[in-house]
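Enquirer: Okay, sequence plus prediction incoming.
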Amino acid sequence: MVDQSAMTDHSTAAAATSLIEGRRGFPVGVIGAGRLGRALTAALVAAKYSVQIASRSEESARRVASETGAAIASILTLVASCRVVFLAVPDGALGSLAEALPWSATHGIVHCSGALGL
């Protein structure tokens with residue numbers, strides 16, 4: 001377990017990388033197709049991960065998928081098939097989204113809020 005009180009930007013990135021590497025056989029999911037979701041998706045695809053993108057706006061998800069080569073999925077399908085999921089949604093939507101999804105003990109979830117704590 002990572003000591004969250006001592007995490008810096010670099011240690012957060014290292015923890016996320018370690019989490020992803022440990023689950024390399026599974027696709028990685030990104031929920032949110034805004035600037036951050038697009039950048040994360042592009043970086044993960046460039047690093048040769050199998051990536052699924054989902055968004056509340058199917059049009060936005062399709063655009064990111066088309067630009068990056070990621071697969072498009074519904075949010076529920078993405079959660080069901082990905083063991084590592086990045087939540088790249090607006091801060092105000094993060095809590096309700098995280099609470100509404102059917103997570104399991106095998107999921108690694110990374111929230112990308114700059115304003116909210118761990």
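Expert: Structure received.

Enquirer: contacting residues around the residue nearest the centre of the chain?
Expert: Most central in the chain under CA atoms, centre = their mean is Phe86, positioned 1.5 Å from the mean C-alpha point. With contacts defined as CB atoms under 8 Å, 6 or more residues apart in numbering, Phe86 is in contact with Val28, Gly29, Val30, Ile31, Gly32, Gly37, Leu40, Val110, His111, Cys112. Bear in mind the C-beta positions are built from the backbone N, C-alpha and C, glycine included.

Enquirer: out of those residues, which are buried?
Expert: Val28, Gly29, Val30, Ile31, Gly32, Gly37, Leu40, Val110, His111, Cys112 (16 or more other CB atoms under 10 Å).

Enquirer: Which of the residues you listed fall within strands?
Expert: Using DSSP state E, the subset of the buried ones among the contacts of Phe86 located in strands is Val28, Gly29, Val30, Ile31, Val110, His111.

Enquirer: Check the gap between Gly32 and Ala39 for me.
Expert: Look at Gly32 and Ala39: by CB to CB, to the nearest Å, they are 11 Å apart.
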